[in-house]
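Q: below: sequence and its predicted model.
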Amino acid sequence: MEKIDLYRIHKSEYIAPKKPTLLQIEPAYYLAISGQGKPGNEKFTTKIEALYGVAFTLKMTRKFKGQQDYTIGKLECLWFIDGKKIADQTSQDRWRWKLLIRTPDFVTQSELDHTITTLLKKGKEPAIREVNLELLNEGQCVQMLHVGPYDQESKTIAIMKSFTEAKGLSLKGPHHEIYLSDPRRVPSERLKTILREPVTTQ
Amino acid sequence: MKSATLKFYKEKLLRVLIYIQQQLDEPLTLKILAAQAHLSPYHFHRIFTGMIGESLHLHIRRLRLERSAMQLKHNQKSVIQIAFEAGYETHEAFSRAFRNVFHLSPSQFRKKNRSIQIYSRSGIHYHPNHILKNFKTQPKQKGIQMKVNLKTLEPQLVAFIRHTGPYSECGTAWDRLLTLLGKEGLIDSKTQFIGLCHDDPEITPSDKIRYDACVTVDKHFKPDGEIGIQTISGGDYAVLTHFGSYSKLNESYKKLIGTWIPRSGRELRSSPCFEIYLNSPENTEPEDLITDIYAPLK
């Protein structure tokens, strides 16, 4: 049984040139966990661990049973404030985020429930319970590669914004980041992140 | 660079080199030679190769061939007898090896006035009645950027599955380990993935190489079935980060153990080296893989 890599299958959705590009994103399933507050704080880290723990345990349970195997997706995150876009100067304490790991559509809710039970029995953080299976339908998006520290994204976003407006469209949010580099290992000036902004004709 | 350690290692290797010259007919195993040097058998071969510029095996073979050349010139022994003494089972095998380095057959060589010395970077040659006093250490290659960090580790409990065979096939052990522990929820973003390397691929036949695929676990972990448990010893380590494909890891080991250690002011401890994999080969291109190599220090 061939192992599935969603990023290869949906290669066209992960095109990230150094200039903005307009593309269509198909609906996709994700394991997701939400929270609020400054990125990188303790709560944020705990939730990343919960999400990653669920993703890994779920995949390996399937693999052990001989079910279809797949590569665990990269960490992704949606950023917003009260359902709206984040303006530059808002306090990071009010930022809301939803951490995501893309997951094949054959993974079921009952597999997720079983995984959460296994992990809670092992004494893992109660945040495990908050992991959901969600369908995200982003539709038409503008996408671009950002190279450098996360706190310097505003330059890249500005380029994406003027590109979008020149096409008679506007950014509607939420702002979506796909982390290609591990910030614990890669120096911040070399971090690669795909920035994705859903757009609307309004 | 600490010249004191270089001298320290040089003196130890000199004892080994003299021993080899004197015991050329004996089986010269890694264990025996490491014991002569009072060096750990885990690391001896990489130190030897790094400082002498040829592997132990090639060194011994070269000296035996130089001795054969000397015998061809200076005594009346038959070629086949000389071949046997050099450790070759047939005349043909000996002739082939001999021709490879001297570009003449043994009997042609006997008639000509040629040097018995085969090129050697260390300047060491077969010399029956002469005690070796010095040799040329291999210089640190120019342009090699080597950033080695010192780290002190606490002893670390790991669950592991042993793989015996070529390094390139250790994926199966990893697959089993990660599946069995993963489904129990024992792997999360804090887990470290460690490869414990008991053997040097340049001296151990590839089907005998022992490699332990390990992941960090806590004291509540109960080993079961094919999964064992062991402690990776605490203490000081020299750490070199290897960037790129796993197939080139051995090059970094050679640099760290063979070039850096002898000049570092530190001595190696008698326990195996290990690797910590900082990203996953599952979703990383080989050229982007990052691996820390840990060499244990006294």
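A: Cool, got the structure.
Q: contacts for stretch A:150-161, please.
A: When contacts are defined by C-beta atoms under 8 Å, 6 or more residues apart in numbering or on different chains, stretch A:150-161 is touched by residues A:19-20, A:39, A:88, A:142, A:144, A:146, A:171, A:175, A:177, A:183, A:188, A:191, A:193, A:195, A:197. Glycine gets a C-beta too; all of them are placed from N, C-alpha and C.
Q: PyMOL command to pick out the buried ones of the residues you listed?
A: Buried members of those, defined by 16 or more other C-beta atoms under 10 Å in any protein chain shown, are picked up in PyMOL with:
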select buried, chain A and resi 20+142+144+146+171+175+177+191+193+195+197
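Q: ok, the one residue in chain A that gets nearest to chain B - contacts?
A: Using C-beta to the nearest C-beta, the closest approach of chain A to chain B is made by A:Met60 at 2.8 Å. Shown in contact with A:Met60 (C-beta under 8 Å, 6+ apart): B:178-179, B:181-183, B:187.
Q: so which of these is the closest to chain A?
A: B:Gly182 (2.8 Å).
Q: that closest one is in contact with A:Thr57, isn't it?
A: Yes. Using C-beta atoms under 8 Å, B:Gly182 is in contact with A:Thr57, at 6.0 Å.
Q: any weak-confidence spans in the chain?
A: Going with chain A. Scanning chain A for pLDDT under 70 picks out A:1, A:82-90.
Q: sorry, should have said chain B
A: For chain B, applying pLDDT under 70 flags the ranges B:1-3, B:130, B:140-145.
Q: from the contacts of stretch A:150-161, which land in strands?
A: A:142, A:144, A:146, A:171, A:175, A:177, A:193, A:195, A:197 (DSSP state E).
Q: in the residues you listed, find the pair that's most separated.
A: A:Leu171 and A:Thr193 (16.7 Å; C-beta to C-beta).
Q: so where do the strands sit in the stretch 1-150 of chain B?
A: Secondary structure of the stretch 1-150 of chain B (DSSP state E, counting those that start in this stretch): strands at B:148-153.
Q: show me where it has helices.
A: Assigned by DSSP state H, counting those that start in this stretch, the helices in the stretch 1-150 of chain B fall at B:3-22, B:30-37, B:44-52, B:56-74, B:79-85, B:91-102, B:106-111.
Q: for the stretch 51-200 of chain B, what lies in contact range of chain A?
A: Listed as neighbours of chain A in the stretch 51-200 of chain B under the rule C-beta under 8 Å from any C-beta of the partner chain: B:178-190.
Q: show me where chain A has its helices.
A: Shown for chain A, the helices assigned by DSSP state H span residues A:6-9, A:42-64, A:109-121, A:153-166.
Q: of all those, which one comes closest to B:Thr49?
A: Among the helices of chain A, helix A:42-64 comes nearest to B:Thr49, with 39.7 Å by C-beta to C-beta.
Q: B:His43: how many residues sit nearby?
A: B:His43 is flanked by 26 other residues according to other C-beta atoms under 10 Å in any protein chain shown.
Q: which residue is the nearest non-sequential neighbour of it?
A: Nearest non-adjacent residue to B:His43, counting by C-beta to C-beta, 6 or more residues apart in numbering or on different chains: B:Leu268, 4.6 Å away.
Q: list the residues that contact that neighbour.
A: B:39-40, B:42-43, B:47, B:257, B:261, B:295-298 are the contacts of B:Leu268 under C-beta under 8 Å, 6+ apart.
Q: please indicate which of the residues you listed are buried?
A: Buried residues within the contacts of B:Leu268, defined by neighbour count using 16+ other C-beta under 10 Å: B:39-40, B:42-43, B:47, B:257, B:261, B:295-297.
Q: what would these look like in a markdown table with distance to B:Val158?
A: Shown next, in a markdown table, are those (distance: C-beta to C-beta, whole Å):
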| residue | distance to B:Val158 |
| --- | --- |
| B:Leu39 | 26 |
| B:Ser40 | 21 |
| B:Tyr42 | 18 |
| B:His43 | 21 |
| B:Ile47 | 27 |
| B:Ile257 | 22 |
| B:Ile261 | 24 |
| B:Ala295 | 18 |
| B:Pro296 | 15 |
| B:Leu297 | 20 |
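Q: return the distance of the closest residue in space to B:Phe102 that isn't next to it in sequence relative to B:Ser115.
A: Spatial nearest neighbour of B:Phe102, excluding adjacent residues (C-beta to C-beta, 6+ apart): B:Phe109 at 5.6 Å. Remark: distance between B:Phe109 and B:Ser115 (C-beta to C-beta, to the nearest Å) = 11 Å.
Q: looking at those two, which is more packed in?
A: Applying other C-beta under 10 Å to B:Phe109 and B:Ser115 shows that B:Phe109 carries more neighbours, namely 20 against 9.
Q: so the more buried one sits right up against B:Ser68, yeah?
A: No. Look at B:Phe109 against B:Ser68 with C-beta under 8 Å: they stay out of range, at 9.1 Å.
Q: now do the shared contacts for these two.
A: Common neighbours of B:Phe109 and B:Ser68 (criterion: C-beta under 8 Å, 6+ apart): B:Phe98.
Q: give me the nearest residue to the most centrally placed residue in chain A, chain neighbours excluded.
A: Residue closest to the mean C-alpha point of chain A, counted by C-alpha atoms, centre = their mean, is A:Glu76 at 2.0 Å. Sequence neighbours aside, A:Leu100 is the residue nearest to A:Glu76 in space, at 4.2 Å (criterion: C-beta to C-beta, 6+ apart).
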